[in-house]
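Enquirer: Test case, fold it:
(one chain, ligands or ions: 2)
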Amino acid sequence: TQSTRPQRMLAAVHNNATRGDPRSVVKAIDQFCRQKEWAMNIGDEKGCILDSVVSEVNPAMVLELGTYCGYSTVRIASQLPPHAKIITLEFNPQNAAVARQIIAWAGLGEKIKLIEGSSGDWIPKLKEQFGVDTFDLVFLDHWKDRYLPDTKLMEECGLLRKGSILLADNVICPGTPEYLEYIRNSPRYKSQYFKSHLEYTRVEDGLEKSIFLG
Ligand SMILES: Cn1ncc2cc([C@H](O)c3cccc(CNC(=O)c4cc(-c5ccc(F)cc5)cc(O)c4O)c3)ccc21
Ligand SMILES: [Mg+2]
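Expert: Ligands and ions are numbered 1, 2, ... in the order given. I've put the predicted structure just below:
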């Protein structure tokens, strides 16, 4: 039967990355996406911006919305301090299955809790189910029309504290106009745009970093 792109990406990781070496996993995926098949990982250019935000925030608790194949999950987790954790939500079972194996190959299973399900269903359950207090960093990379409703949901569920950082991918391409309009005009956030390019292309895209002011 025909393999899927995530399955071919996983094969590239098994064939080209060193087990237990997250950087080699990231490199193998970027090589696959540049040389073989484009895929919607954040990629290396925006990935470096993500890396700098993670090291600046030095988070104890991270939430990622949209695991896909786990590329950004591995990038973030490989920079977390000891005992820090990332919870990542993926609704598509096929994506989740590949992500679990890529995360395992990177040797980061202890730091990452992958939940198979939709952000709208799970955000309200994170406190009671996983004993989460608040998140220090949230990375938004799921359906672009869910960025705004899920941000409001996180506010309502008390998952953000004064100083929590939201980092949103694709605010230009494919674009998240309602989210940008809200977050840039809300007195409860201080936002900054990081101009970059759509992964593996020369098309403009960027990340929006927003600090929740409480
Ligand atoms: C509710 N919920 N809860 C958890 C959860 C998880 C998912 C999946 O992980 C998932 C599946 C499909 C699409 C996405 C969003 N990502 C994108 O659509 C995207 C597109 C492009 C692009 C850009 C230019 C193109 F020409 C084509 C695609 C570049 C990018 O970086 C992207 O992130 C996310 C979905 C909903 C979820
Ligand atoms: Mg993206």
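
Enquirer: Could you use CA atoms for every contact and neighbour count after this?
Expert: OK.

Enquirer: contacting residues for Val62?
Expert: By C-alpha atoms under 8 Å, 6 or more residues apart in numbering, the residues touching Val62 are 85-87, 135-139.

Enquirer: Equivalent analysis for Ile76, please.
Expert: Contacts here follow C-alpha under 8 Å, 6+ apart; on that basis Ile76 touches 50-51, 54.

Enquirer: out of the residues you listed, which are inside helices?
Expert: Of the contacts of Ile76, the ones assigned to helices by DSSP state H are 50-51, 54.

Enquirer: List just the nearest of those to ligand 1.
Expert: Among the ones in helices among the contacts of Ile76, Leu50 lies closest to ligand 1 (C-alpha to the nearest ligand atom), at 12.8 Å.

Enquirer: need the helices for the protein, in chain order.
Expert: Ranges of helices in the chain, per DSSP H, are 5-16, 22-35, 43-57, 71-77, 93-106, 119-122, 126-130, 147-156, 177-185.

Enquirer: sorry, back to before: reformat the contacts of Ile76 as a markdown table; add pLDDT, neighbour count and distance to ligand 1.
Expert: Below are those laid out as a markdown table (pLDDT from 0 to 100; neighbours: other C-alpha atoms under 10 Å; distance: C-alpha to the nearest ligand atom, whole Å):
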| residue | pLDDT | neighbour count | distance to ligand 1 |
| --- | --- | --- | --- |
| Leu50 | 99 | 23 | 13 |
| Asp51 | 98 | 17 | 16 |
| Val54 | 98 | 22 | 18 |
